[in-house]
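# Have a look at this prediction, sequence included:
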Amino acid sequence: MRDCHSSNDKDVIAIDGKTLRHSYDKSLRKGAIHAISAFSTMHSLVIGQIKTDEKSNEITAIPELINMLDIKGKVITTDAMGCQKDIAEKIQIQGGDYLFAVKGNQGRFNKSFEEKFQLKELNNPEHDSYAISEKSQGREEIRLYIVCDVPDELIDFTFEWKGLKK
């Protein structure tokens with residue numbers, strides 16, 4: 001997201017959940033602590049954090065965290081778990097924009113993306129694109145970001161997802 005921030009003037013706030021290592025205690029039957037954090041790429045600082053009981057509670061905790069933040073004019077990113085219609089709507093209502101990862105948890109949406117955006121389509125010079133490569137934890141990840149207008153085949157999703165434009 002650092003790279004996303006450097007390519008625009010808006011603050012990008014990356015929201016992600018993490019399980020805190022070694023925060024569990026088996027002898028006391030105490031599970032690990034899980035927290036959702038909001039990281040400002042402009043300021044390189046965690047600007048909000050909320051504890052959750054379990055990783056599965058991220059979806060309900062993200063809106064609570066968003067309520068604590070001033071997101072007007074900012075771009076909010078989440079991983080696929082945070083890719084939820086209610087979260088998108090909350091971000092829009094509070095004056096922010098969003099950039100979500102779409103994966104299998106959004107079955108029909110994900111399937112439509114995969115059908116429309118084949119590799120040959122992604123190579124289209126009409127689309128703005130940006131690629132980054134990172135080596136982390138013994139593997140290399142290449143991320144390709146493509147910005148395009150919503151294709152006709154996906155236009156129905158603009159009615160379901162508040163603020164979906166590109």
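Sure, I can see it.
# From now on I want contacts and neighbour counts done on CA atoms only, so please keep to that.
Noted.
# Quick check: phi and psi on residue 144?
Here is the backbone geometry of residue 144 (degrees, to the nearest 10): phi -120, psi 120.
# That one pairs with what?
In this structure, residue 144 bridges to residue 131 when assessed by DSSP bridges.
# OK, contacts around it?
Shown in contact with residue 144 (CA atoms under 8 Å, 6 or more residues apart in numbering): 129-132.
# With residue 40 instead?
11-14, 46-47.
# Surely residue 108 forms part of a helix?
Yes. Counting by DSSP: H, G, I helix; E, B strand; the rest coil, residue 108 falls inside a helix.
# any idea which element residue 36 lies in?
Taking DSSP states H and E as the criterion, residue 36 maps to strand 34-40.
# right, I mislabeled it, should have said residue 111
Here residue 111 is covered by helix 107-116, with elements defined by DSSP H and E.
# residues in contact with that helix?
With CA under 8 Å, 6+ apart as the test, helix 107-116 has contacts from 102-104, 153-154, 157.
# With neighbour count and pLDDT as added columns, please give the residues you listed in a markdown table.
Below are the contacts of helix 107-116 laid out as a markdown table (neighbours: other CA atoms under 10 Å; pLDDT from 0 to 100):
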| residue | neighbour count | pLDDT |
| --- | --- | --- |
| 102 | 20 | 77 |
| 103 | 17 | 76 |
| 104 | 11 | 71 |
| 153 | 11 | 73 |
| 154 | 13 | 71 |
| 157 | 15 | 72 |
